[in-house]
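>>> Just the structure for this:
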Amino acid sequence: MTNILIVNGHDYYDRAQGKLTQTLVAAAVSQLSAQHTVQTTTVAEGYEVEQEIQKFQWADVIIFQTPIYWFSITGLLKKYIDDIYLPNIFFGKAKEFGRGGLLTDKKYMLSLTWGASAAAFSDPAGFLEGKSEDEVLFSVHKTQEYCGLKQLPTFSLYSSMREPDVEDGLAKLEAHLKKTFEL
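A predicted model of the protein is given here:
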């Protein structure tokens, strides 16, 4: 049995109220808790730094469920990371820059909703220059690597600002979790 922490990084706006993110978190909790122990944090509801550190120390896997705002994680999720990723707990000094991570026995997964369509990532002449989701989020992945976490495959839902097909999205998430966690 794996200990899994799911962090809901949604940041509320009138145009993006978080219903899809909450639906995805609830589905992941439901699916994963059958074979794993799951805890959650909803960043927008507030958090205590020490409790979050304890959750990270407890977890084998951290899933960040978040919308992508302006080609990155939400500002609220970035502040959460800034608050809890503390020296000598998440990382320490190292001879080589970026190699002092202290969470080397843990993995993470990004589970994302994008306003962009899937096609936006495949066109070299398009706005995203053919970059993949993981390439667009290079700094997010490097932050996790800096702390020693190992990357699991990223999950993405696209066109989330335009009436997304929630049932299809839930089916895709279920398939991704089954494959990633061998359910």
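
>>> quick one, what contacts residue 53?
Residues near residue 53 by Cβ atoms under 8 Å, 6 or more residues apart in numbering: 84, 86, 89. (Glycine included, C-beta is placed from N, CA and C.)

>>> Of the residues you listed, select the buried ones using a PyMOL command.
The buried residues among the contacts of residue 53 can be selected in PyMOL (16 or more other Cβ atoms under 10 Å) with this line:
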select buried, resi 84
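
>>> a markdown table for the contacts of residue 53, including pLDDT?
Shown next, in a markdown table, are those (pLDDT from 0 to 100):
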| residue | pLDDT |
| --- | --- |
| 84 | 98 |
| 86 | 98 |
| 89 | 97 |
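
>>> Retrieve the pLDDT associated with residue 164.
Looking at residue 164, its pLDDT reads 75.

>>> what's the neighbour count on it?
The tally of other residues near residue 164 (other Cβ atoms under 10 Å) stands at 15.

>>> for residue 158, same thing?
Number of residues near residue 158 (other Cβ under 10 Å) recorded here: 19.

>>> That one and residue 71: what is the separation?
Taken as Cβ to Cβ, to the nearest Å, the spacing of residue 158 relative to residue 71 amounts to 14 Å.

>>> what does residue 30 give?
For residue 30, the distance to residue 71 (Cβ to Cβ) stands at 30 Å.

>>> do residue 123 as well
16 Å.

>>> Equivalent analysis for residue 28, please.
Computed as Cβ to Cβ, the residue 28 to residue 71 distance reads 24 Å.

>>> More neighbours: these two, which one.
For residue 28 and residue 71, the more surrounded residue by other Cβ under 10 Å is residue 28, and the numbers stand at 26 against 14.

>>> Need the contact partners of the longest helix that the chain contains.
Longest helix in the chain, counting residues (DSSP state H): helix 166-181. For helix 166-181, the surrounding residues in contact (Cβ under 8 Å, 6+ apart) are 2, 20, 23-24, 27-28, 31-32, 35-36, 109, 111, 152-153, 155, 157, 183.

>>> mind exporting that helix as PDB, just the C-alpha atoms?
Coordinates of each C-alpha in helix 166-181 appear next as PDB, following Å, rounded to 0.1, in the frame of the first residue of the first chain:
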ATOM      1  CA  VAL A 166     -16.100  15.800 -17.800                       C
ATOM      2  CA  GLU A 167     -17.100  12.200 -18.200                       C
ATOM      3  CA  ASP A 168     -14.400  11.700 -20.900                       C
ATOM      4  CA  GLY A 169     -11.900  13.500 -18.700                       C
ATOM      5  CA  LEU A 170     -12.800  11.300 -15.700                       C
ATOM      6  CA  ALA A 171     -12.400   8.100 -17.900                       C
ATOM      7  CA  LYS A 172      -9.000   9.400 -19.100                       C
ATOM      8  CA  LEU A 173      -7.900  10.100 -15.500                       C
ATOM      9  CA  GLU A 174      -9.000   6.700 -14.400                       C
ATOM     10  CA  ALA A 175      -7.000   5.000 -17.200                       C
ATOM     11  CA  HIS A 176      -4.000   7.100 -16.300                       C
ATOM     12  CA  LEU A 177      -4.100   6.300 -12.600                       C
ATOM     13  CA  LYS A 178      -4.600   2.600 -13.400                       C
ATOM     14  CA  LYS A 179      -1.600   2.500 -15.600                       C
ATOM     15  CA  THR A 180       0.600   4.700 -13.300                       C
ATOM     16  CA  PHE A 181      -0.400   3.000 -10.000                       C
END
